[in-house]
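K.L.:
From the sequence below, what's the structure:
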Amino acid sequence: MSDSAIYRILDANLNRAAEGCRTLEDMARFHLEAKELTQRLKTFRHQIRNQAAALEQQLLTGRNASGDIGLPLSQQICSDKRDNPFQVSAGANKRIQEALRVIEENLKLVGCYPLAKVYESLRYQSYSLEQDFSAALQGKLRRRKLPSGLYGITAQELSNGRDNLSVAHAMLEGGLRILQYREKDKAKKEQYEECLQLRRLTRDYDAVFIVNDHADIALAVEADGIHIGQGDMPLEAVRRLVGEQMLLGLSTHSPEQAQDAVQRGADYIGVGPLFATKTKKDVCAPVGFDYLDYVVANISIPFVAIGGIKESTLPQVIERGAYCACLVSDIVGADDIKGKVQALQKLWQE
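P.N.:
Next up is the predicted model:
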């Protein structure tokens, strides 16, 4: 094989790898809105280009795009057809990895062995980037399951003698579409049996069902999500238990915790308590609107404003840009739960 042919191969594959990177970079920027991942892909694309800068003249001389017999062949096949973002990203990642391998092997033929090892290293970096990109794409898909609006939580001891199933039924009848089961003091078996009933009920109403704290119960009843606190198992460990399909929420009380949750792959965060509350035991001091304002301005994943919110204060929470808002005692303690939820929904829609 002539040197001219080798430089032509190198030129084609450098372009191929950079184009694959650019495809992923724009998806990370405009579809995932993932700042750090976008920057990593941009840096990686520049590395691919810059490492071969000393060969630029030979690469340009070897280029012959108009005489490439591969173009008409490519236009006759449909193997590059894409139907969803997962197929686009998979195609781009394979293009990058295969191109880097071709670059690596052909650099050895023109006396550039040290540079070939640099491209080998870049190829291994691409495998990690593929994992991180896939996780970000899965997260985007999961977060679509969480609609904006009211977020309900069970609290039987505040429900005026009514059981969780009847309270949940009234909430769903009123239009609530996100329900979390939280009963910290009940026996595990009782929690499981209630969650089984609530899972069936929420499916009937096409509502999202989330279990608090217990990943095993969430898995056993096929819940849509699991919500954990700062003192629970690490988010990464819970993710390994529940897999890539289930929503994973984390309670946060400060900007540092919010940023940490995003970096570690939370699908949504709880933001609070905004006001003093007696609904939950061992709760921290109110964080106020300053923290909510920070999250609205700086956090790109969905969030639930929570803690002491009442019908009278809900308009302030909505006006500040809350994605979801959770009212507990105001809903489960209402005489007419269905009517209460409908009134709150009306506030949200105004």
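K.L.:
in the helix or strand where K338 lies, what counts as buried?
P.N.:
If you go by DSSP states H and E, K338 is part of helix 337-349. Residues of helix 337-349 classed as buried by neighbour count (16 or more other CB atoms under 10 Å): I337, K338, K340, V341, L344, Q345, W348. In short, each C-beta sits where N, CA and C put it, glycine included.
K.L.:
Columns distance to D213 on top of those residues, output as CSV?
P.N.:
Converted to CSV, the buried residues of helix 337-349 look like this (distance: CB to CB, whole Å):
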residue, distance to D213
I337, 24
K338, 28
K340, 26
V341, 24
L344, 25
Q345, 27
W348, 27
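K.L.:
Have a look at those and tell me the least confident one.
P.N.:
Minimum pLDDT for the buried residues of helix 337-349 is recorded at W348 (87).
K.L.:
wait, that one sits on Y151?
P.N.:
No. Using CB atoms under 8 Å, W348 makes no contact with Y151, being 11.0 Å away.
K.L.:
what about the stretch 201-350 of the chain, any weak spots by pLDDT?
P.N.:
Judged against pLDDT under 70, the low-scoring parts of the stretch 201-350 of the chain cover residues 280-281.
K.L.:
hmm, try it at 90
P.N.:
In the predicted model of the stretch 201-350 of the chain, residues 244-245, 263, 265, 276-288, 300, 348-350 satisfy pLDDT under 90.
K.L.:
how about the helices of it, start to end?
P.N.:
Secondary structure of the stretch 201-350 of the chain (DSSP state H, counting those that start in this stretch): helices at 215-220, 235-242, 255-263, 288-298, 314-319, 329-332, 337-349.
K.L.:
Mind putting those helices into TSV with distance to N50?
P.N.:
Formatted as TSV, those follow (distance: least, CB to CB, whole Å):
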stretch	distance to N50
helix 215-220	45
helix 235-242	34
helix 255-263	28
helix 288-298	32
helix 314-319	48
helix 329-332	58
helix 337-349	51
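K.L.:
Next one: S128 from R40, what distance?
P.N.:
10 Å (CB to CB, to the nearest Å).
K.L.:
ok, those two, which is more surrounded?
P.N.:
R40 (19 against 10; other CB atoms under 10 Å).
K.L.:
pretty sure that one is in a helix, no?
P.N.:
Yes. The assignment for R40 by DSSP: H, G, I helix; E, B strand; the rest coil puts it in a helix.
K.L.:
my guess is it meets L129, correct?
P.N.:
Yes. With contact defined as CB under 8 Å, R40 counts as touching L129 (6.7 Å).
K.L.:
Please enumerate the strands of the stretch 51-200 of the chain.
P.N.:
Assigned by DSSP state E, counting those that start in this stretch, the stretch 51-200 of the chain shows strands spanning 149-153, 178-181.
K.L.:
Comparing these, which comes out most buried?
P.N.:
strand 178-181 (a mean of 26; mean count of other CB atoms under 10 Å).
K.L.:
Apart from its neighbours in sequence, what residue is nearest K338?
P.N.:
The shortest distance from K338 to any residue other than its chain neighbours is 4.1 Å, reached at G174 (CB to CB, 6 or more residues apart in numbering).
K.L.:
Spell out which residues sit in contact with the one you found, please.
P.N.:
Listed by CB atoms under 8 Å, 6 or more residues apart in numbering, the contact set of G174 reads I337, K338, G339, K340, V341, Q342, Q345.
K.L.:
Can you tell me which of those is nearest K310?
P.N.:
K340 (10.8 Å; CB to CB).
K.L.:
how about that closest one, what does it touch?
P.N.:
With CB under 8 Å, 6+ apart, K340 has these contacts: G174, E311, D330, I331, A334.
K.L.:
Buried residues in stretch 134-153, which are they?
P.N.:
Those would be 136-140, 142, 145-146, 149-153, for stretch 134-153 by 16+ other CB under 10 Å.
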